[in-house]
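> With the sequence up front, the predicted model follows.
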Amino acid sequence: MSERASRHISVLGREAVAYLEPRAGGIYVDATFGAGGYSRMILDVTDTRVIGIDRDRNAITGGFDLVDGAGGRLTLVEDRFSELAEVCAAQGVDAVDGVVMDVGVSSMQLDQAERGFSFRLSGPLDMRMAQSGPTAADVVATATEKQLADIIYIFGEERHSRGVARAIVAARKEAPITTTEALANIVAKVVRAKPNEIHPATRTFQALRIFVNEELDELHQALAAAERVLKPGGRLAVVSFHSLEDRIVKNFLSERGKVSAGSRHLPEVAQSAPSFQILTKRPVVPSDAEIAANPRARSAKLRAAERTAAPAHADDDLPSWPRLSDLKRGG
């Protein structure tokens, strides 16, 4: 692992691991391994075992040194975190004591120009976490104007989405849009920069990244998978970085932690018993010191819950938002 990665401390990492309460003999899933920040802190507790998952092969290979130093207590698996239940089963593990997730793009990915995640670094318009499948450039080249507007509005919460989509379609008629710099310049002509506000391309880049990697579907499925594999008393800790992710986590835990008061005026309706006890009535946010040391931490929120003995709830239907499969079908 590089020196930079070895020094990496996950945003709200200490707080997230504190909520996990790792103990000797426990088995934990670091569902978004990244640079190994959570795994390293969990492994600091004697006799813990960690299953680390990441869809980014660079993160997996970058963690080999940590595997070597963990004495057989760390297993890394290249896969999507939505598959965490299947990953655990493949390792002979039916139930775990804790699951931690850090949702979204990592600092390492943002800082690699060749990965195409950042509008601040000129590189190919890629954005794929797994480095397979359609790129952001493919989406920009093939999506209709309406599809682009929907993607940018829903996943980027960009109020100028129609104008941005119109500008992209006009620009691609002149030349393919294949670099981060080219796309950022197109967006900046529609979304004007204002003092002390985010870069004009921020929301459009966020939207394309989420869409390309199907991140919100992944999060929905990963939360349900964690519910299935956690033991009674097992802990779930999730760190998110923008409102779309946090809303999914909040709603999931609220629904799973709900206790029906019932009504003496209405017939009794069968309702699933709460599968989680919520530990964070309000999300934990970074300290001023952490934000000063790492400005990317400023929007982070941590939510945590403890698994009850109740059966897992039925999986929720996924929302009807844009998906890669829509483009493959031609909209």
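The structure has been received and is ready for your questions.

> Can I get stretch 35-50 in CSV? Just the C-alpha atoms.
The C-alpha atoms that make up stretch 35-50 are tabulated as CSV, following Å, rounded to 0.1, in the frame of the first residue of the first chain:
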residue,chain,number,x,y,z
ALA,A,35,-7.8,2.7,1.5
GLY,A,36,-8.6,0.4,4.4
GLY,A,37,-9.2,3.0,7.1
TYR,A,38,-12.1,1.2,8.8
SER,A,39,-10.5,-2.2,8.4
ARG,A,40,-7.3,-1.0,10.1
MET,A,41,-9.1,0.3,13.1
ILE,A,42,-11.2,-2.8,13.5
LEU,A,43,-8.1,-5.0,13.2
ASP,A,44,-6.5,-3.0,16.0
VAL,A,45,-8.9,-5.0,18.3
THR,A,46,-7.3,-8.4,19.1
ASP,A,47,-8.7,-11.4,17.3
THR,A,48,-11.2,-9.5,15.1
ARG,A,49,-11.7,-10.7,11.6
VAL,A,50,-12.6,-8.4,8.7
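
> V45 touches A24, doesn't it?
Yes: using C-beta atoms under 8 Å, V45 makes contact with A24 at a distance of 6.5 Å. Yep, even glycine has a C-beta here, placed from its N, CA and C like the rest.

> Neighbour count for those two, which is higher?
V45 (16 against 8; other C-beta atoms under 10 Å).

> List the buried residues of stretch 196-214.
The neighbour-count check on stretch 196-214 (16 or more other C-beta atoms under 10 Å) flags 199-214 as buried.

> Over to stretch 181-196?
Residues of stretch 181-196 classed as buried: 182-184, 186-188, 190-191 (neighbour count, 16+ other C-beta under 10 Å).

> and V29, what does it touch?
Residues near V29 by C-beta atoms under 8 Å, 6 or more residues apart in numbering: 50-53, 84, 87-88, 96, 98-100, 226, 229.

> same check, this time on R298
The contact partners of R298, taken as C-beta under 8 Å, 6+ apart, are 286, 291.

> Just the pLDDT for it.
As predicted, R298 sits at a pLDDT of 88.

> ok so, going back, would you turn the buried residues of stretch 181-196 into JSON lines with pLDDT and distance to A143?
Shown next, in JSON lines, are the buried residues of stretch 181-196 (pLDDT from 0 to 100; distance: C-beta to C-beta, whole Å):
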{"residue": "A182", "pLDDT": "95", "distance to A143": "16"}
{"residue": "L183", "pLDDT": "96", "distance to A143": "13"}
{"residue": "A184", "pLDDT": "93", "distance to A143": "18"}
{"residue": "I186", "pLDDT": "96", "distance to A143": "14"}
{"residue": "V187", "pLDDT": "95", "distance to A143": "15"}
{"residue": "A188", "pLDDT": "93", "distance to A143": "20"}
{"residue": "V190", "pLDDT": "96", "distance to A143": "17"}
{"residue": "V191", "pLDDT": "94", "distance to A143": "18"}
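
> Which pair of those residues spans the longest distance?
Farthest-apart pair in those is A182 and V191; separation 15.3 Å (C-beta to C-beta).

> tell me the SS of E86?
Assigned by DSSP: H, G, I helix; E, B strand; the rest coil, the conformation of E86 is helix.

> What is the neighbour count of it?
So E86, with other C-beta under 10 Å, has 14 neighbours.

> For A90, see how far away E218 is.
Plainly put, E218 is 18 Å away from A90 if you go by C-beta to C-beta, to the nearest Å.

> who touches stretch 220-236?
Stretch 220-236 has contacts (C-beta under 8 Å, 6+ apart) with 19-21, 29, 31, 81-85, 88, 93-101, 238, 248-249, 252, 256, 275-276, 279, 304-309, 312-313, 315-316, 318-319.

> swap the cut-off to 6 Å and go again
Stretch 220-236 is contacted by residues 19-20, 81-82, 84-85, 88, 95-99, 252, 275, 305-307, 309, 312, 315, 318 when judged by C-beta atoms under 6 Å, 6 or more residues apart in numbering.

> Among the residues you listed, which ones are in helices?
Filtering the contacts of stretch 220-236 for membership in helices, criterion DSSP state H, returns 19-20, 84-85, 88, 252.

> looking at the residues you listed, which has the most residues close by?
L84 (28 neighbours).

> which one is it nearest to, not counting chain neighbours?
A225 (4.8 Å; C-beta to C-beta, 6 or more residues apart in numbering).

> circling back to that earlier point, the ones in helices among the contacts of stretch 220-236: which two are farthest apart?
Y19 and A85 (20.9 Å).

> what about the helices in the stretch 51-200 of the chain?
Along the stretch 51-200 of the chain, counting by DSSP state H, counting those that start in this stretch, helices occupy 57-62, 64-69, 84-90, 107-110, 136-142, 145-156, 161-174, 180-188.
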